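**Student:** Generate a structure from the sequence data that follows.
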Amino acid sequence: MEPSPPRSYALGHSAQELDRLRRQAEAFGPFTRVLFQQAGIVSGMRILDVGSGSGDVAFLAAEMAGPAGEVIGTDLAPAAVEHANARAQSRGAANVRFHCSQICAHSAHPVRCPSMLASTSAVSSPYQ
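**Tutor:** Purely as a prediction, here's the structure:
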């Protein structure tokens, strides 16, 4: 089966939208942290974040994984990936990095990650 072509995020990746996503992540941060704790994310884990956007969920996971852990974030939008990598650099977050790709593109080069996150934007419907 051929993978479907990439679709764009309906709300775009303007500076205003990326800031809105950051504020949204701040509001949901405490709930997301509890969810990750209940899911078993702990120090030293290697985690794949699909649909990272500007990186907020990946940054929380990286904080929980600690310096011995690693988070690899993916997104289809080059603007979001560039923004997330710039934020990682400005935070000094050495255990998180972002790539522009479809998850199926990694099938030729498997990534060993015991945990995978999927941001709600990746599974609900801003994608058309």
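**Student:** What residues of stretch 70-86 count as buried?
**Tutor:** 70-77, 79-81, 83-85 (16 or more other Cβ atoms under 10 Å). Glycine gets a C-beta too; all of them are placed from N, C-alpha and C.
**Student:** which two in these are spaced the farthest apart?
**Tutor:** 70 and 79 (23.7 Å; Cβ to Cβ).
**Student:** Is residue 44 in a helix, a strand, or coil?
**Tutor:** With DSSP: H, G, I helix; E, B strand; the rest coil as the basis, residue 44 sits in coil.
**Student:** Distance of the nearest residue to it once chain neighbours are set aside relative to residue 14?
**Tutor:** In space, and not counting its chain neighbours, residue 44 is closest to residue 68: 4.2 Å by Cβ to Cβ, 6 or more residues apart in numbering. Residue 68 sits 36 Å away from residue 14, going by Cβ to Cβ, to the nearest Å.
**Student:** Same check on residue 45?
**Tutor:** Residue 45 is 33 Å from residue 14, by Cβ to Cβ.
**Student:** next one: residue 73
**Tutor:** 20 Å.
**Student:** Who are the packing partners of the longest helix along the chain?
**Tutor:** Identified as the longest helix of the chain according to DSSP state H is helix 15-39. Judged by 3 or more Cβ pairs under 8 Å, 6 or more residues apart in numbering; DSSP states H and E, the packing partners of helix 15-39 are helix 56-65.
**Student:** Pull the residues that contact the helix it packs on.
**Tutor:** If you take Cβ atoms under 8 Å, 6 or more residues apart in numbering as the criterion, helix 56-65 is touched by 21-22, 24-26, 29, 32-33, 36-37, 41-47, 49, 52, 69-71, 73, 84, 87-88, 91, 93, 95-96, 98, 117, 119.
**Student:** Touching, residue 43 and residue 37? I think so.
**Tutor:** No: contact criterion Cβ atoms under 8 Å: residue 43 and residue 37 do not qualify, at 11.8 Å.
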